[in-house]
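Student: Turn this into a model:
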Amino acid sequence: MTVTKNAQALTLQGADHVYLGFNPQGSVRKAYVGFPGVGSETFTISNEFANGSVAILDNTSVSGNLDVGGTLEVDGNISLLDGSTTKVALQGYSTQLRIAQPTGWDSVKVFKPFYTIDIDVSGNLDVAGTATIDGLLTIGGNANGDIMYLDAERDWLMKTVYSGASTSMVIQDRGGSKVWIYRDYNDVDVFAINTNMDLTAANRGTLTTSNAAVTGNIDVGGLYKVGSVPLLTVSFHGRPYAFNSGSNQNVYWMAGQTDENDQSRANALYKYKYPTNFKVYSVTILFDDDGGAYNCQFQFALTNNTGSDTPTFNGSSWPYTLTKATGDRCKTYILSTPYDVPSTRSLAMLSHTTASSTSEMVFLIHGYQY
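Tutor: Numbering: from 1, shown residues only. Take a look at the predicted model:
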């Protein structure tokens, strides 16, 4: 049927609904356009084939709202217009969704939405520019794991470990011999930590600071060290009971003798007690030099908590020997294995020289708490 007429050429009129049906394969309708239901105000274009679709070719303008109840597939870009000017465009590129200004897909800007939206990212989120988040950023869900890598080479990793009250935030160096620095508002270094992947290395976790104020306690599970040497926090002195004899001599702690004949002032203070566990690290000997050369030997023994029992020495076996050369006034002996003195024991010391001497000696004991 051909209708030749200007203006409204054909009218389909119904009392409460009307539509035009299409039967391309016989008596069964496969498509229709119009108002299909009683009182319907929605103009419908419907393809009733099971796998059919509706194709709108060339340029199509929608002046009102476009409601999509299913999946909207766009084979191309989506432009958001202000009048006739494209302000923002969306592009599907490989597995990415790009949001860009029309000046180019590399100049990406994300505009703040008028409404709150939730974005779930199950894979990687790569941001080439600046990302501004005006709200909370939750990373990692309810489980521990890697949160983010810092810098292009992924040299730093931020993650969470453990659970409950023990949950901890970790900033981990994934390379080697890097420095973690905290700076103040004026970009001045406050302190730095020299990290090292080898946790047994002597220089691991070195904290460097010029000014650190601590208002609470500092609990140290290991040792304070200066370089490779423990910080020596224990120090006390003693003197052999007799100075001019090559025989074995008990060392009296805090003794106040002024010469070798004033032995009675020692008052038998030859058992030393410290309030915490400590280890003897080194022994320094001061000599009132008589010009001679000889060996000074010594050993330690432990007594009970009150020092009331007698220490047991091996008078013929000397584990520590310091050689005094002619003219020496001061020498230090570092123990190959620090001598352990528990807080429940007292320390006694026995000394011996390989030659009789009128040289007066003072022993300085240096150790560290643990």
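Student: Kindly tell me how buried the residue lying closest to residue 250 once chain neighbours are set aside is, as a neighbour count.
Tutor: In this structure, residue 250 finds its nearest non-sequential neighbour in residue 270, 4.7 Å apart by Cβ to Cβ, 6 or more residues apart in numbering. No exception for glycine: its C-beta is placed from N, CA and C like everyone else's. By other Cβ atoms under 10 Å, the residues close to residue 270 number 22.
Student: Check for me that residue 270 belongs to a helix.
Tutor: No: per DSSP: H, G, I helix; E, B strand; the rest coil, residue 270 lies outside any helix segment and is coil.
Student: Enumerate every residue touching it.
Tutor: 238, 250, 251, 252, 253, 348, 349 (Cβ atoms under 8 Å, 6 or more residues apart in numbering).
Student: separation between it and residue 285?
Tutor: 17 Å (Cβ to Cβ, to the nearest Å).
Student: Would you map out the domains in this structure?
Tutor: 11-54, 77-113, 179-219, 230-369 (automatic domain parsing).
Student: By mean pLDDT, show me the worst of the ones you listed.
Tutor: Out of the domains of the chain, domain 77-113 stands lowest, with a mean of 59 (criterion: mean pLDDT).
Student: Break down the stretch 251-370 of the chain into its helices, ranges please.
Tutor: Counting by DSSP state H, counting those that start in this stretch, one finds no helices in the stretch 251-370 of the chain.
Student: shouldn't residue 252 be in contact with residue 269?
Tutor: Yes: contact criterion Cβ atoms under 8 Å: residue 252 and residue 269 qualify, at 5.2 Å.
Student: who has more neighbours, those two?
Tutor: residue 252 (24 against 16).
Student: Specify the beta-bridge partners of the more buried one.
Tutor: residue 239 (DSSP bridges).
Student: Kindly report the same for residue 341.
Tutor: Bridge pairing for residue 341 - DSSP bridges - gives residue 278.
Student: before we move on, what about residue 303?
Tutor: Applying DSSP bridges, one finds that residue 303 bridges with residue 346.
Student: Please apply the same query to residue 225.
Tutor: Residues in beta-bridge contact with residue 225 (DSSP bridges): residue 230.
Student: Around it, how many other residues sit close by?
Tutor: Counted with other Cβ under 10 Å, residue 225 comes out at 13.
Student: Quick check, pLDDT for it.
Tutor: pLDDT, residue 225: 75.
Student: any chance of the contacts of residue 270 in CSV, plus distance to residue 339?
Tutor: Shown next, in CSV, are the contacts of residue 270 (distance: Cβ to Cβ, whole Å):
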residue, distance to residue 339
238, 14
250, 17
251, 14
252, 18
253, 15
348, 12
349, 10
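Student: between these, which is closest to residue 172?
Tutor: residue 349 (46.9 Å; Cβ to Cβ).
Student: give the contact list for the residue nearest to the closest one when sequence neighbours are not counted.
Tutor: Excluding the flanking residues, the one nearest residue 349 by Cβ to Cβ, 6+ apart is residue 251, at 3.9 Å. Taking Cβ under 8 Å, 6+ apart, we find residue 251 in contact with 238, 239, 240, 241, 270, 298, 348, 349, 350, 351, 363.
Student: which outside residues touch stretch 361-370?
Tutor: By Cβ under 8 Å, 6+ apart, stretch 361-370 touches 223-224, 230-240, 243, 251, 272, 276-288, 296, 298, 338, 341, 349, 351.
Student: Now list the buried members of the residues you listed.
Tutor: Neighbour-count burial (16 or more other Cβ atoms under 10 Å) applied to these gives 230, 232, 234, 238-240, 243, 251, 272, 278-281, 283-287, 296, 298, 338, 341, 349, 351.
Student: What about residue 303, how many residues nearby?
Tutor: 19.
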